[in-house]
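[1] sharing a sequence plus its predicted fold:
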There are 2 protein chains.
Amino acid sequence: MADPDGTRRPRRSSGAVTLHDVAKLAGVAPITASRALNSPDQVSAEVRQKVSEAIARTGYVPNLLAGGLASRRSRLVAAVVPTISGPVFLETVQTLTETLADRGYQLMLGQAGYTGSREDALLEAIIGRRPDGIVLTGIMHSIDGRKRLLASGIPVVETWDLTPTPIDMLVGFSHVEVGRSVAEYLHRKGRRRLAVVCGDDERAKRRAWAFQSTAATLGLPDVPMVAVPAPTTLKGGRQGLETLLKTQPGIDAVFCSSDLLALGVMTEARARGVQVPGQLAVVGFGDLDFAADLDPALTTVHIKASAIGRQAAQFILDRTEGRAVPQRVVDIGYSIVERASA
Amino acid sequence: MADPDGTRRPRRSSGAVTLHDVAKLAGVAPITASRALNSPDQVSAEVRQKVSEAIARTGYVPNLLAGGLASRRSRLVAAVVPTISGPVFLETVQTLTETLADRGYQLMLGQAGYTGSREDALLEAIIGRRPDGIVLTGIMHSIDGRKRLLASGIPVVETWDLTPTPIDMLVGFSHVEVGRSVAEYLHRKGRRRLAVVCGDDERAKRRAWAFQSTAATLGLPDVPMVAVPAPTTLKGGRQGLETLLKTQPGIDAVFCSSDLLALGVMTEARARGVQVPGQLAVVGFGDLDFAADLDPALTTVHIKASAIGRQAAQFILDRTEGRAVPQRVVDIGYSIVERASA
DNA sequence: GTGAAAGCGCTAACAC
DNA sequence: GTGTTAGCGCTTTCAC
């Protein structure tokens, strides 16, 4: 391109409407237009009026990248889930999204996978965007990951679990207690030959182990366990029961690490003519939306997934907006919902 | 704070490591360090080495906000779903996320709600981040929304539907043809008293209407329809069948607008002693993971949800990376998966 | 292959 | 209440 003046050609703008254009049209300085948008009480009613007219006329949409860079507040929150297909976390993510959206924050979603292989690249991508907060489903186990999160200085909320050494903030419950409670529950109901079908996931396994050791403490025979791949499926449940019955035909109760597995177990039981709950009690985990309406209705462990999302959002908003966070760890508990299947 | 020199206090930096720090440590100019990261072939091996050492030593994480602002490429893609809980779109979103992550792009997730009430605020939040692409599940109906998307200049992919007037790019299938095919299928199987249980969602209703009108064309009696709220649930299916049987005890086939509804219909049928498929054929939609393993296995409409996600990602990457997009509309089709339930 | 200068579009910090 | 100035951390443009 010719440059007759010998002057440098200035970098061309994107052509989009900027705050500058709006300010010029409204007859004020850019910073005044900025204030009219972000802290309306600091400007006169007249200015507010002129600026909003200019915005309407131009179709201006603020560039949040630029705003975030200048103000160091991206209004972005990152959430990491093992996989988006695991319906257990969905309710948490949904509430998180909604709570944040109400306050003008946007959610960025990352899938870590159950294996943790992509975790590193994911953390880099997340931290690089300088989110105002990071919500992890599950606690971060990798030492290196913990270090990077800590070094980033970004508020972090770990969820769906408890640990004595959280990175920063935590809202969850004890998987060990869940396992124990379910074993005690089934024992109280008169079941004596317990079994487990369990997704290949660290938290699920902790529930299963606690279930097994509690059964031992109660004087029950060894509890057989079948592991199926995570994320769990109905098919996994069917195969799980099939495997169990092959070697342990006498079992009278199965604890499943998800409601979907439980549905699979119930499906397989019916296909084989095994009565639920008559011959076999079935307990799930998650209390998904469908659990109450199965036939028989599913006894399961209810987790306040929505409350976890809400509390996580609250933690981050409090921190970001400079409020004190009196308590950095919240144990949200759990409850066993007794229905027909057990 | 005192300012003895009478000079202005410069704005303090965030304290995080910047490309500047890395460059200084490596003994090169910032732009050279930038090139070492973004276009390694443009710098000498020696520089590459020194820069990567400096990065390792400092724990530098590039600020993508700043990079995006300067380069006008945010490496962010936004996806809009009605709600994250609707499992139908999940597979699309999952593949989209993975395909994009492999290429260094991150997904931003927005929930529009089935009502479209929050759509406006959502669009503003999305466009404000200047994503490199926007993926909509479903087509955008609001005139104003279409206008804003068009004005933004951002590549847009509409999915899970067809329209003669896409905003930009499109990958989907015809809901009308799905409805027609299912009616023809059931007719071929000898069913004559068809019915529909349908979520309160525009696309589902289009399938249902096509189903009804095709039945009429085939000379079948009027097809009763029960609407249930979206997102659909197992409970909705149970209630749907209950309602249908109350007024139309003679029906011999039900087309459900989702597999979850179909599961509900099958559950209710069993609870009432209605044989599936003997007395009642059931057809679902979505071919979710559990459909094949139900008892009886569910006949349903399979949509290549993953392929939709992959194609949407491809569209956006092609456009963003300056490649030609030969074909802006892809009809991905559908298929009826015949199983035991119908 | 490397570097200097000039922004990207916005807001924090000060001054009036 | 409003404006001026100087960046936020990076990349584009041009020059060597």
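    Good, I have the coordinates.

[2] the stretch 201-342 of chain A: strands as residue ranges?
    With DSSP state E, counting those that start in this stretch, the ranges of strands along the stretch 201-342 of chain A come out as A:225-228, A:253-256, A:281-286, A:299-302, A:329-331, A:335-337.

[3] now swap in the stretch 51-200 of chain A and tell me
    Ranges of strands in the stretch 51-200 of chain A, per DSSP E, counting those that start in this stretch, are A:76-81, A:106-111, A:133-137, A:156-159, A:169-172, A:194-199.

[4] re earlier: want to throw the strands of the stretch 201-342 of chain A into TSV with mean pLDDT and mean neighbour count?
    The way it works is simple: take the backbone N, C-alpha and C, and place the C-beta from them, glycine included. What follows is the strands of the stretch 201-342 of chain A, written out as TSV (pLDDT from 0 to 100; neighbours: other CB atoms under 10 Å in any protein chain shown):
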stretch	mean pLDDT	mean neighbour count
strand A:225-228	98	21
strand A:253-256	98	31
strand A:281-286	98	28
strand A:299-302	98	24
strand A:329-331	98	15
strand A:335-337	98	16
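
[5] tabulate those in JSON lines, adding columns for distance to B:T95.
    Shown next, in JSON lines, are the strands of the stretch 201-342 of chain A (distance: least, CB to CB, whole Å):
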{"stretch": "strand A:225-228", "distance to B:T95": "23"}
{"stretch": "strand A:253-256", "distance to B:T95": "28"}
{"stretch": "strand A:281-286", "distance to B:T95": "24"}
{"stretch": "strand A:299-302", "distance to B:T95": "30"}
{"stretch": "strand A:329-331", "distance to B:T95": "34"}
{"stretch": "strand A:335-337", "distance to B:T95": "34"}
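
[6] nearest to DNA strand D, out of those?
    Among these, strand A:329-331 comes nearest to DNA strand D, with 30.8 Å by CB to the nearest atom of the strand.

[7] most packed of the strands of the stretch 51-200 of chain A?
    Compared across the strands of the stretch 51-200 of chain A, strand A:194-199 shows the largest average neighbour count, a mean of 28 (mean count of other CB atoms under 10 Å in any protein chain shown).

[8] for A:V80, give its distance to chain B.
    Going from A:V80 to chain B by CB to the nearest CB, to the nearest Å gives 12 Å.

[9] that should have said A:I143, apologies.
    Per CB to the nearest CB, A:I143 is found 14 Å from chain B.

[10] before we move on, the earlier item: turn the strands of the stretch 51-200 of chain A into a markdown table, including mean pLDDT and distance to B:T214.
    As requested, the strands of the stretch 51-200 of chain A are exported to a markdown table (pLDDT from 0 to 100; distance: least, CB to CB, whole Å):
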| stretch | mean pLDDT | distance to B:T214 |
| --- | --- | --- |
| strand A:76-81 | 95 | 40 |
| strand A:106-111 | 91 | 39 |
| strand A:133-137 | 95 | 44 |
| strand A:156-159 | 97 | 48 |
| strand A:169-172 | 98 | 51 |
| strand A:194-199 | 98 | 42 |
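
[11] next, format those strands as JSON lines and append distance to DNA strand C.
    Converted to JSON lines, the strands of the stretch 51-200 of chain A look like this (distance: least, CB to the nearest atom of the strand, whole Å):
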{"stretch": "strand A:76-81", "distance to DNA strand C": "14"}
{"stretch": "strand A:106-111", "distance to DNA strand C": "15"}
{"stretch": "strand A:133-137", "distance to DNA strand C": "17"}
{"stretch": "strand A:156-159", "distance to DNA strand C": "23"}
{"stretch": "strand A:169-172", "distance to DNA strand C": "24"}
{"stretch": "strand A:194-199", "distance to DNA strand C": "45"}
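
[12] between the ones you listed, which one is closest to DNA strand D.
    Counting by CB to the nearest atom of the strand, DNA strand D lies closest to strand A:76-81 out of the strands of the stretch 51-200 of chain A; the figure is 15.3 Å.

[13] returning to that earlier point: any idea which of the strands of the stretch 201-342 of chain A gets closest to DNA strand C?
    Among the strands of the stretch 201-342 of chain A, the nearest to DNA strand C by CB to the nearest atom of the strand is strand A:329-331 (30.0 Å).

[14] what's that closest one packed up against?
    Counting contacts by 3 or more CB pairs under 8 Å, 6 or more residues apart in numbering or on different chains; DSSP states H and E, strand A:329-331 is packed against strand A:169-172.

[15] around DNA strand D, pick out the residues from the stretch 51-200 of chain A.
    Within reach of DNA strand D by CB under 7 Å from any atom of the strand, the stretch 51-200 of chain A has these residues: A:A66, A:L69, A:A70.

[16] state the pLDDT value of the residue nearest to the second one when sequence neighbours are not counted.
    By that I understand A:L69. Among residues not flanking A:L69 along the chain, B:L65 sits closest, at 4.8 Å (CB to CB, 6 or more residues apart in numbering or on different chains). You'll see B:L65 listed with a pLDDT of 97.

[17] what's near enough to touch B:L65?
    A:L65, A:G68, A:L69, A:S74, A:R129, A:R130 (CB atoms under 8 Å, 6 or more residues apart in numbering or on different chains).

[18] picking that back up, among the residues of the stretch 51-200 of chain A next to DNA strand D, which ones are buried?
    Among those, those buried by neighbour count (16 or more other CB atoms under 10 Å in any protein chain shown) are A:A66, A:L69.

[19] so which of the residues of the stretch 51-200 of chain A next to DNA strand D belong to helices?
    Counting by DSSP state H, those place A:A66, A:L69, A:A70 in helices.
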